[in-house]
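Participant: How does the following fold in three dimensions:
(chains A and B)
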Amino acid sequence: MGEDSLLNIDGLGKAYGNNLVLDDFSLSVGHGEFVTLLGPSGCGKTTLLRLVAGLETPDRGRITLDGADLTPLPPEKRQVNTVFQSYALFPHMTVFENVAFGLRLKGVAGDELGRRVATVLCDVRMDGFAQRYPHQLSGGQQQRVAVARAVVNRPRVLLLDEPLSALDARLRREMQGELKRLQRDLDMTFILVTHDQEEALSMSDRVVVMEGGRIAQIGTPREVYEEPSSLYVARFIGDINLFPGTVRDRLDEKHLRLDIFGQTVVAETRRPFAPGQAINLLLRPEDLRLGEGPAKVAPCFAGSIVERSYRGSTLDTTILLDDGPVLKACEFFDEDDPDFDYRVGERVQVSWVKGWEVVLSDGE
Amino acid sequence: MESKTRRVVIGLVASWLFVFGVLPILLLLGASLLTQDPQHFVRLPLSLEAYRQLAEPAYLQVMLRSLRLALVTVVLCLLVGYPFAWFTARLPAGWKTAILVLLMIPFWTNSLVRTYAIRTLLGTQGLLNKALLALGVIEAPLQLIYTDLAVVLGLFYLMLPFMILPLYANLDKFDYRLVEAARDLGAGFTRIFVTIVWPLSLPGVFAGCILVFVPTMGLFYVATLLGGARQLLVGNLIQQQFLNARNWPAGSATSVVLILLMALMLAAYHLLLRRAATARGPQ
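Facilitator: Predicted structure coming up:
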């Protein structure tokens, strides 16, 4: 990134007493980008957002917006707005007054004020609610007003602190789409904090996975899902299956030979590994292929079904391998085989789509 | 069974309220409508003479004077109590308790005793004057006691906790994230106070003002001890009419007017609260 980036966070550090919340954190966000900070509670993601908003002061480091140092400015002087987790709508003001609050402070009045508030309420599909009070709105509607109240000020960066966490699953999915649409329509830079991996994957241009105040991995949703850099990232984003083993040797630049449960497995990886090193071979549930009868392709691991659950579009199974590990598989229904199903206790052979495996060293 | 217990409990409370609350007020109302009698306190016939007396300029003056003094006390309590309550509410839990306990401790001493204490502080030979003389700030003792200032100071000191406690109860519930949201939207501190904090704290402000205003009108001994004979307030007037002038109808009528005034203010308070609630919903 560098020069053309809008927001630059450089070496940011923050501690509360002895508790180090952010440790030498650096990140560049480009104009119009949708970046998600993803991590469990206590990983420092909300603190980072509050530092950018100016609601906390960093111990170390700098934040620049368009090249100008933001760090010494109080929140009211920053061209950054926040959608709070609790929405923090002013309870004694109507929806109109809530949304108009920031504009009035900028000296916008009269017709222009009315027009801009109406436009943004339309954008979040809350036109017709202008004279309601927050307590007269549902959670989803309050959420929309909170977004409207922030974006009406046309901030350079919009910060969203777990904005969907209070909504039920269906509404959350709907709002994910709406936020994404709004971000595209307004051509605005969004930084969203969440602990919901599905939210992070579906909405963002880039995902920043955080661990203990540091970046564990940063990349496109596809990269962090398909090429997790560590077990931590892999575990946090989606379900995983692990095959423990050791490295035998490197075949070529792209391929590594592994010993897993007495079988030789060739895996694709460009990362450096030493012979004899303990590793985990990582596979997502949808990477696995189950076959009945004797093994057809190697590598193939025998096991039996211990659980099956019908999910509508997929059939999810739990398999106990003869070698010990318990695996989760997720297969789509196939129109060629309408009777596709498993019985509990049925013997199966587990293999996977070649090249979809990820090798991670055991220590990670 | 349960409803029977309920009826007994409600009945007990209701009769207690009737005997000690409603009945005395009815007696007062009755006495105010009778004629003065030096031997038997009151006698028939019914008369509005007592209320006619209240309309005389001398009485009206006392009323206005009391109102003014009570208002000054309320404003003073509000000016000091509001920041006190705000900052106490923002403190960590342990500190809050400590400060509230310190605030309550003086209640364990009778307020009459504390008024005497203020007398010794403000007297011509009092602690304050001696200190100021010793420091060379003044050359002759100041006349502090037996002034309006002393009465206001005494009332302010006695009533301040009644302002702080309801304000604290309100501001302690205040959602500080609203302040952060307002700052995020570009508001400075004055703007935040005027548009967010103050309007949302109005129920606490009203409650505090009424709790200070109402007793202030009747605290006759503060005016007697700190203000001297000249400082006649409604409370003093009632006391004098009953004990010195032996004019029970007039004393009762003055009391009835005072009670009506308070009832009116409480009614206004409830109206305001309900209007705030319909606009904002239950908090």
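Participant: going forward, measure contacts between C-alpha atoms and count neighbours the same way
Facilitator: Fine.
Participant: how about the strands in chain B?
Facilitator: B:35-37, B:41-43 (DSSP state E).
Participant: By mean pLDDT, show me the worst of those strands.
Facilitator: In terms of average pLDDT, strand B:41-43 trails the rest of the strands of chain B, at a mean of 75.
Participant: Which neighbours in the sheet does that one have, and how are they oriented?
Facilitator: Strand B:41-43 sits in its sheet next to strand B:35-37 (antiparallel), going by DSSP bridges.
Participant: contacting residues around the strand it pairs with?
Facilitator: B:42-47, B:49, B:247-249 (Cα atoms under 8 Å, 6 or more residues apart in numbering or on different chains).
Participant: can you list these in TSV and add neighbour count and distance to A:Lys354?
Facilitator: Output for the contacts of strand B:35-37, formatted as TSV (neighbours: other Cα atoms under 10 Å in any protein chain shown; distance: Cα to Cα, whole Å):
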residue	neighbour count	distance to A:Lys354
B:Val42	19	109
B:Arg43	16	111
B:Leu44	11	111
B:Pro45	10	112
B:Leu46	12	108
B:Ser47	16	108
B:Glu49	16	108
B:Asn247	21	108
B:Trp248	27	105
B:Pro249	29	105
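Participant: Kindly reformat those residues as TSV containing distance to A:Gln197.
Facilitator: What follows is the contacts of strand B:35-37, written out as TSV (distance: Cα to Cα, whole Å):
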residue	distance to A:Gln197
B:Val42	84
B:Arg43	86
B:Leu44	87
B:Pro45	87
B:Leu46	84
B:Ser47	83
B:Glu49	83
B:Asn247	82
B:Trp248	80
B:Pro249	79
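Participant: Take the residues you listed and keep only those in helices.
Facilitator: If you go by DSSP state H, the contacts of strand B:35-37 have B:49, B:248-249 in helices.
Participant: show me the contacts for the residue in the stretch 51-200 of chain B positioned nearest to chain A.
Facilitator: Proximity of the stretch 51-200 of chain B to chain A (Cα to the nearest Cα) peaks at B:Gly186, 3.7 Å away. Residues near B:Gly186 by Cα under 8 Å, 6+ apart: A:75-78, A:102, A:105.
Participant: swap in A:Leu288?
Facilitator: By Cα under 8 Å, 6+ apart, the contact list for A:Leu288 reads A:329-331, A:350-353.
Participant: For the lowest-mean-pLDDT helix or strand in chain B, which outside residues touch it?
Facilitator: When each helix and strand of chain B is scored by mean pLDDT, DSSP states H and E, strand B:41-43 comes last, with a mean of 75. Strand B:41-43 is contacted from outside by B:31, B:34-37, B:246-249, using Cα under 8 Å, 6+ apart.
Participant: Same question for stretch B:99-107.
Facilitator: Among residues not part of stretch B:99-107, those counted as contacts by Cα under 8 Å, 6+ apart are B:88, B:161.
Participant: How about stretch A:263-274?
Facilitator: For stretch A:263-274, the surrounding residues in contact (Cα under 8 Å, 6+ apart) are A:247, A:249, A:253-259, A:299, A:354-355, A:357-359, A:361.
Participant: Could you report the pLDDT at B:Gln231?
Facilitator: So B:Gln231 comes in at 61 (pLDDT).
Participant: scratch that, A:Pro325 is what I was asking about
Facilitator: Confidence score, pLDDT, at A:Pro325: 86.
Participant: give the contact list for the residue sitting nearest the centre point of chain B.
Facilitator: Nearest to the geometric centre of chain B sits B:Val212, at 2.6 Å (Cα atoms, centre = their mean). Neighbouring residues of B:Val212 by Cα under 8 Å, 6+ apart: B:73-74, B:159-160, B:162-163.
Participant: and the gap between the residue of chain A most remote from its centre and A:Arg116?
Facilitator: Relative to the C-alpha centroid of chain A, counting by Cα atoms, centre = their mean, A:Gly110 is the outermost residue, at 41.2 Å. As judged by Cα to Cα, to the nearest Å, A:Gly110 and A:Arg116 stand 10 Å apart.
Participant: Output the set of residues of the stretch 151-300 of chain A in proximity to chain B.
Facilitator: With the criterion set to Cα under 8 Å from any Cα of the partner chain, the stretch 151-300 of chain A comes near chain B through A:Asn153.
Participant: Residue ranges in the stretch 151-300 of chain A under the pLDDT threshold?
Facilitator: Low-confidence segments of the stretch 151-300 of chain A, defined by pLDDT under 70: A:293-298.
Participant: Would you mind giving the secondary structure of the residue in it that chain B sits nearest to?
Facilitator: When scored by Cα to the nearest Cα, the stretch 151-300 of chain A has A:Asn153 as its residue closest to chain B, at 7.9 Å. The three-state label given to A:Asn153 by DSSP: H, G, I helix; E, B strand; the rest coil is coil.
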